[in-house]
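Undergrad: sequence and predicted model, in that order:
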Amino acid sequence: MAEHGLPALYAVFVWWFATGLILHLDGLRPETFRWSMAGATAVLAAACWGLAASAADPSVGGAYLAFTCALLVWGWVEMSFLTGWLTGPRKTPCEPGISGWPRFLAAAAAVLWHELAILAAAALVVSLTWGGPNQVGTWTFLILWTMRLSAKLNVFLGVRNLAESFLPAHLGYLRSFFRRRPLNGLFPFSVIGSTVACAMLFRTAFSPAADTFGAVGFTLLGTLMALAVLEHWFMVLPLPFEALWRWGLRSREAALAAA
């Protein structure tokens, strides 16, 4: 239980709570964003220290610390995007009727600074953990990056559920780059590839050769990948998944009522 059940429960809770907290903060009035980003930046600094410290610590505590700190770095990137601080040079809706390569370039321009911020954050995480025996933090960030990129491409190409309520009002122009379709050609490859990766991570976690650190670390990673696969299925199944974070979305209703 301690080697598999607890890490899985921890990963699920952190994923659920962190998502709701970011939705809550980014749904507040814009004048609060500078304080949210100041707090997130302080947390980012602490997370960087934790990643550097945990890289040399191949223990159970080191696995939890590395996993948590990588999520906190990712949280800063998400906050900077959803507050509108780091989005892209384009801040206007997509022109009606354009498709193909011009539409892709327009969408890329709308999130260019965000994508570069992810790249810089990935380089930072890798540099802080380079050569250490504990690479849970690096793999955590790479899973988040890969699966979020997959989700963005699927929303761009078209899915049933666009999770539009997760997008704050000041980023409303990004909805014009979404496409609503039952399915797209990329989706099966995204789900199959990520499911195989998830199975491989859990196989390593449950391997008889795995020590306690490996069992805990790969369970954290496998659970995170499983949650990413679940998020992909949320995009195509007619399920009220937004109810999971209704508490985080209430701040948007309050902000609109106070406006």
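TA: The structure has been received and is ready for your questions. Residues are numbered from 1 along each chain as shown.

Undergrad: helix or strand: which one has K152?
TA: Element membership for K152 (DSSP states H and E) is helix 136-157.

Undergrad: can you give me the angle the helix or strand following that helix makes with helix 136-157?
TA: Remark: after helix 136-157, the chain's next helix or strand is helix 187-205, criterion DSSP H and E. Angle of helix 187-205 versus helix 136-157, following axes from the mean of the first three to the mean of the last three CA atoms, to 10 degrees, is 160 degrees.

Undergrad: same for helix 187-205, what does it pack against?
TA: helix 136-157, helix 212-234 (3 or more CB pairs under 8 Å, 6 or more residues apart in numbering; DSSP states H and E). All C-beta atoms are positioned from the backbone trio N, CA, C, and that covers glycine.

Undergrad: now the shortest one against helix 212-234, angle please.
TA: Translated: helix 136-157. Going by the same axes, to 10 degrees, helix 136-157 makes 10 degrees with helix 212-234.

Undergrad: ok, the residue positioned nearest the centre of the chain - contacts?
TA: By CA atoms, centre = their mean, the chain has its centre lying nearest to L144, at 5.0 Å. Contact partners of L144, counting by CB atoms under 8 Å, 6 or more residues apart in numbering, are 70-71, 74, 224, 228.

Undergrad: thinking again about what came up before, what are the buried residues along the helix holding K152?
TA: Buried positions in helix 136-157, judged by neighbour count with 16 or more other CB atoms under 10 Å: 136-148, 150-151, 154-157.

Undergrad: can you give me how far it is from the chain middle?
TA: 7 Å (CA atoms, centre = their mean, to the nearest Å).

Undergrad: try stretch 177-194
TA: Relative to the centre of its chain, stretch 177-194 is centred 17 Å away, using CA atoms, centre = their mean.

Undergrad: let's see that stretch as PDB, backbone CA atoms only.
TA: C-alpha atoms of stretch 177-194 as PDB (Å, rounded to 0.1, in the frame of the first residue of the first chain):
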ATOM      1  CA  PHE A 177      -9.000  28.500 -32.600                       C
ATOM      2  CA  PHE A 178     -10.900  25.500 -31.100                       C
ATOM      3  CA  ARG A 179     -12.900  23.200 -33.300                       C
ATOM      4  CA  ARG A 180     -15.800  21.000 -32.200                       C
ATOM      5  CA  ARG A 181     -15.900  17.600 -33.900                       C
ATOM      6  CA  PRO A 182     -16.800  14.100 -32.700                       C
ATOM      7  CA  LEU A 183     -13.200  13.000 -33.200                       C
ATOM      8  CA  ASN A 184     -10.000  13.800 -35.200                       C
ATOM      9  CA  GLY A 185      -7.300  11.700 -36.700                       C
ATOM     10  CA  LEU A 186      -4.700  12.400 -34.100                       C
ATOM     11  CA  PHE A 187      -6.800  11.400 -31.100                       C
ATOM     12  CA  PRO A 188      -6.500   7.600 -31.400                       C
ATOM     13  CA  PHE A 189      -2.700   7.900 -31.700                       C
ATOM     14  CA  SER A 190      -2.600  10.200 -28.700                       C
ATOM     15  CA  VAL A 191      -4.600   7.800 -26.500                       C
ATOM     16  CA  ILE A 192      -2.900   4.600 -27.700                       C
ATOM     17  CA  GLY A 193       0.600   6.100 -27.300                       C
ATOM     18  CA  SER A 194       0.000   7.500 -23.900                       C
END
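
Undergrad: circling back: any idea of the pLDDT on the residue nearest to the centre of the chain?
TA: Each residue has a pLDDT score; the one for L144 is 97.
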